[in-house]
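Peer 1: Dropping the sequence and predicted coords here.
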Amino acid sequence: MDVDKSSLCNCVVNFLLEENYLLTAFELLHELLDDGRDAQAIRLKEFFSDTSQFPPDQISRFNTLRVADPQCLLEEKETIEEKLAVSEYELRLAQEDISKLKEELQKRNECSVEVNGSNVDDSVLPRITFEQGKRSTSFSDLGPLKDSERRDLNCAVKEYLLLAGYRLTAMTFYEEVTDQDLDVWNTPACVPDALRHYYYQYLSSTAEAAEEKISLLRENESLLKANERLNQEKESLLRNKDVAEGQKMALTKSLEAVHKDLKEREILVHSLKQSLELQRKELNDCRAEITSLKMHIEGSRSGRGWVTGDIDSSQSQSLENYKAEIKSLQMEIESLKAKNSVSSNLESVVCIKENTQTEEKVVEIHEDKTILPCPAGLAPSTSNVEDSEHQKTETLVGNVAKPIEMLKEPPFSSSNGDGTVENDKTIYKHDTAHSQEVAARVVESENQMSEPTTVKMGLETIQILSDALPKIVPYVLINHREELLPLMMCAIERHPDSSTRDSLTHLLFNLIKRPDEQQRRIIMAACVSLAKNVGEMRTESELLPQCWEQINHMYEERRLLVAQSCGELAEFVRPEIRDSLILSIVQQLVEDSATVVREAAAHNLALLLPLFPNMDKYFKVEELMFQLVCDPSGVVVETSLKELVPAVISWGNKLDHILRLLLCHILGSAQRCPPLSGVEGSMESHLRVLGERERWNIDVLLRMLTDLLPFVHQKAIESCPFPSVNGSLASDPQGAFFSISVLELYAGGHMEWPAFDWMHVDCFHGLIQLACLLPQKEDNLRNRITKYLLAVSEYFGDQYSTHVILPVFLVAVGDTYDLTYFPSAIQSRIRGLQPKTAVAERLAIVCVLPILLAGILGASSRHEQLSEYLRKLLVQGTLKEGSMTNRTTEIIDAVRFLCTFEEHHGIIFNILWEMVVSTNANMKISAANLLKVLVPSIDVKMASTHVLPALVTLGSDQNLNVKYASIDAFGAVAQHFKSDMIIDKIRVQMDAFLEDGSHEATIAVIHALVVAVPHTTDRLRDYLLSKIFELTSAPTPRSDVMRRRERANAFCESIRALDATDLPTTSVRDFLLPSIQNLLKDPDSLDPAHKEALEIILKERAGGTFEAISKVMGAHLGIASSVSSFFGEGGLLGKKESAELPEPVEPPKPVQQPPQEDTRFRRIMRGSFSDMLRGKNKNNEENS
């Protein structure tokens, strides 16, 4: 298909050149190049690059011709677009005819290809090529085309260009074909014959076309062979498919057999489970029967006190009955033991299937009929069982109450008013010792007297209390509901029914809708007391499900209660529950949207860690720790750093892993950000644009690194491999451990010390990498790194700082270094930090040098060393050649960062005075630039006592460059300080600069003061305005147009900046308006945008009409009068003059409108609009 397109394109190119349609051919050349079809454009490029046909001088003369008017071009474009739309409509009408013609042409071409392919062999093709090469390539030798054929070919070429998407070429073709209307095509059916005639003549005229046809024939033959090969592969694939289908059927049958076997096994397991349940039920029935017999015995014993006659005979008879019953009970117990052993065997069989389910869910049905899923570990061990022989027990016992022993053990069994016996969720272990205990208790009960009335009243009281509490609580004031806690605890602890206890526990957690901190503390104290009394099993089965139920509550106070319960109740549950269920609750609370809940989760996770039975969940806890440390809330971060991080370190004892992961997180947060510039190889491509989230993460992770420093220091001391040093320096103060002797032993490299290596091998390397990713504006993160390095120097001592830290960072900035105290195996890694390219050197000075100055040399004990290094950089580096000679700007920025620390101001200004009084002009200029960048970091006192005197000294220098550099620094001082004394000194110095009368000094003063206009006082604004008035009133030389324009631009920018402030009326009248009028007198020197802005300011400040200004604005922007009227008197933005000034032209009087209030916001917006106007005018000038 691509070959057909290429042939058709070559045919069109040949036709255009032969018929001398040069403009169309030239446009087609550009569109082919835009589409990337360079192969088809080769002939056109060679044709138009021929200097004999297109002389260079003639082309240059054509280039100097005036370009057509854009408005005319726009109208012509619209006309052509309408015409093109009509043509496209006609094209759609003719598509059916074209498709039919294409199908017919394709059929004929296929027939011709088959005939030629059968008749042409390899021996004939070279001869044809040779003979055609001898023929002339001129189309005129074969005879001209007929007029009808040419018209048809013109229409066909037009259709090809439109279908191929070359619309500009088609438009040019329309213009070149003047003797024919290409939109009218009456005989489209003749096109195939004309095309075929022309194409055959083209084939016979060019050797390239013949070669192309031969290549097509060969390609057709290769495609036929490939088709045969693909058919063979298809047959082989079909055979393989049949084999695969057979294998699939065999596998399907085997899979069905496996499924059938598995189903049979499941049926067997189900039957075993059913038999197990039957055995359990029978066991529970036996237990209930034992309990009923026990009740019968105790009831009979208690009934003895109410019988008045036949005491001796009844006692002897009952004693015999009791002995018989005891024997029968012992026999029952023995039979139950045998049954229990059978059921245990069944349980072991069933457990083979049950153990494969790792997290089986047990459903508890609560009082409110809701289903609560909880882990299987919290499921009760047994279920409540009713007495199977209730009728028999009732007939024997009647309405006799339980004895005192049953009241003392309410969790095990109880009887309600109608005699129903219930067994609570308790694990009964029936063995020989238990049976002996029961028998002994029955024998002992014969000689004890009970109080049945009191027992019955106690149970009834618990029942009444449990029924009344849910009704009483809603009507008690919220602030007094905690007084009901003792009653609720008593009812929960002693009530025999588990569903009632669940409802009361739910009421305990929901006692107050939104409990405050004190109320939560009271509720949690009650829960802790309850957990102590009821034991582990009931805490897991009754209290923890309530926590899980409240975890997604809509009120954060309730979720906060859940978080507090995780840490305080963990002590009263089994160890395996702490790192499973409770940890999962904490994990979900870490994701909570409320800050206080996440803070409580961090606090309680720290309390929970010491209670974990093992380290299986360490990496999960570590992940939660980093998630909480990087939390967007500062409160959560503080809690995590102070409580959770130390708890994880003391529990896990994996400080090395935490440190490695911490550095990875720090570097990853910065490296994920986009680069500052996309230019490969530039310094900005290494820097990263940090987002708010990434900046916060890096900051808190650096804080975490600083907080871990004591642990790193302690581990380095404890893991010291030199025994002699450990004993002698164990009692030395902080920092004295790493002395010269220790460093010398370490440099020997005889013993490994990985805890000590981490700091200067991994940590410093990571911090240098991070610093090289931070742009200059990230001073806060750079400040955090500096504080960390100062803390390292404080912990590890001066010797470590001098011989270890300082050499590492000197290597990183490309300065001289001494690695004497490093082992030879580590020295190569340290040298790898040295910058190796010019970009790396600049990056090191911009990013690492500020940290070296402030974080290492900025320590309190290194002021002299800092002073010497600064003098080397600023003074000696300017006087002699060195690696940092051409990096003055970067060095000044590093010193600016050092100046953010107030304790270094004295050292910096001492060196600055040395630079100010120097005789070297470059050093003085550097001093002025340094003073300019230091101004934001100093106070008023430092500015008046140090900065201003130095600037006055520089301003009086004879060197003009030094003087102009000091002017910019004066502007920075005026921008940051509003003291009257400072302003007066600046005014005096500016007067001295302006008295020189030089053009450069005037422009520098205006630019310096314009920067300070939005921030300075009214006195300096009035001063600047008066100076502008004086300078604009003075005559200017007419010869130098560039200087006039530069002065006018500076004055206009300052006037627009002043207009955006609140100027006094007198200043506007006396200085602002006259200055604008003076500038408007020289319109040639004004930028059009500035002129527009000045006219608007003059109109609004003086109250003039806006009609003339709107017309001027329309003329400058080239917009229609209707748009200009938008700004006129009758437009939306027009304002009617209050008739203070006469109008130059008497227009029809419109309806008067009240003048709009001149506000500062409107003036600021006006300035921004004028900037847009100026930008548009500049674009118009560039286009013209």
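Peer 2: Yep, it's here.

Peer 1: rest of the way, CA atoms for contacts and neighbours
Peer 2: Will do.

Peer 1: Checking Cys847 next. Helix, strand or coil?
Peer 2: helix (DSSP: H, G, I helix; E, B strand; the rest coil).

Peer 1: quick one, what contacts it?
Peer 2: 771-776 (C-alpha atoms under 8 Å, 6 or more residues apart in numbering).

Peer 1: what's the answer for Arg1044, then?
Peer 2: Arg1044 makes contact with 1036-1038, 1085, according to C-alpha under 8 Å, 6+ apart.

Peer 1: Repeat the analysis, applying 7 Å as the threshold.
Peer 2: Ser1085 (C-alpha atoms under 7 Å, 6 or more residues apart in numbering).

Peer 1: likewise Pro835?
Peer 2: 812, 814, 841.

Peer 1: Assign it to helix, strand or coil.
Peer 2: Recorded secondary structure, Pro835: coil (three-state DSSP).

Peer 1: Ramachandran coordinates for it?
Peer 2: Dihedral pair for Pro835: phi -70, psi 140, per degrees, to the nearest 10.

Peer 1: Most neighbours of all the contacts of Pro835, which one?
Peer 2: Ala812 (26 neighbours; other C-alpha atoms under 10 Å).

Peer 1: could you say which helix or strand contains it?
Peer 2: Element membership for Ala812 (DSSP states H and E) is helix 806-813.

Peer 1: if we can go back for a sec, which among the contacts of Cys847 count as buried?
Peer 2: Among these, those classed as buried by 16 or more other C-alpha atoms under 10 Å are 771-775.

Peer 1: low-scoring stretches of the stretch 451-600 of the chain, by residue?
Peer 2: Along the stretch 451-600 of the chain, segments meeting pLDDT under 70 span 451-456.

Peer 1: could you redo the last one with a cut-off of 50?
Peer 2: Applying pLDDT under 50 to the stretch 451-600 of the chain flags residues 451.

Peer 1: Break down it into its helices, ranges please.
Peer 2: Along the stretch 451-600 of the chain, the segments classed as helices by DSSP state H, counting those that start in this stretch run 452-472, 485-494, 498-509, 517-534, 536-538, 544-549, 556-569, 575-577, 583-590, 595-608.

Peer 1: Can you get me a residue count around Leu16?
Peer 2: Counted by other C-alpha under 10 Å, the residues lying close to Leu16 total 20.

Peer 1: err, Leu608, not the other one
Peer 2: So Leu608, with other C-alpha under 10 Å, has 22 neighbours.

Peer 1: which residues does the nearest residue to it once chain neighbours are set aside contact?
Peer 2: In this structure, Leu608 finds its nearest non-sequential neighbour in Gly567, 5.3 Å apart by C-alpha to C-alpha, 6 or more residues apart in numbering. For Gly567, the contacting residues are 604-605, 607-608, by C-alpha under 7 Å, 6+ apart.

Peer 1: Pull up the gap between Gly567 and Ile1055, please.
Peer 2: From Gly567 across to Ile1055, the span is 67 Å (C-alpha to C-alpha, to the nearest Å).

Peer 1: cool, and Leu994?
Peer 2: Distance from Leu994 to Ile1055, counting by C-alpha to C-alpha: 18 Å.

Peer 1: and the two? which has more neighbours close in?
Peer 2: Ile1055 (23 against 19).

Peer 1: Mind pulling up the pLDDT for that one?
Peer 2: Predicted confidence (pLDDT) at Ile1055: the value is 91.

Peer 1: ok, now Val648?
Peer 2: Looking at Val648, its pLDDT reads 95.
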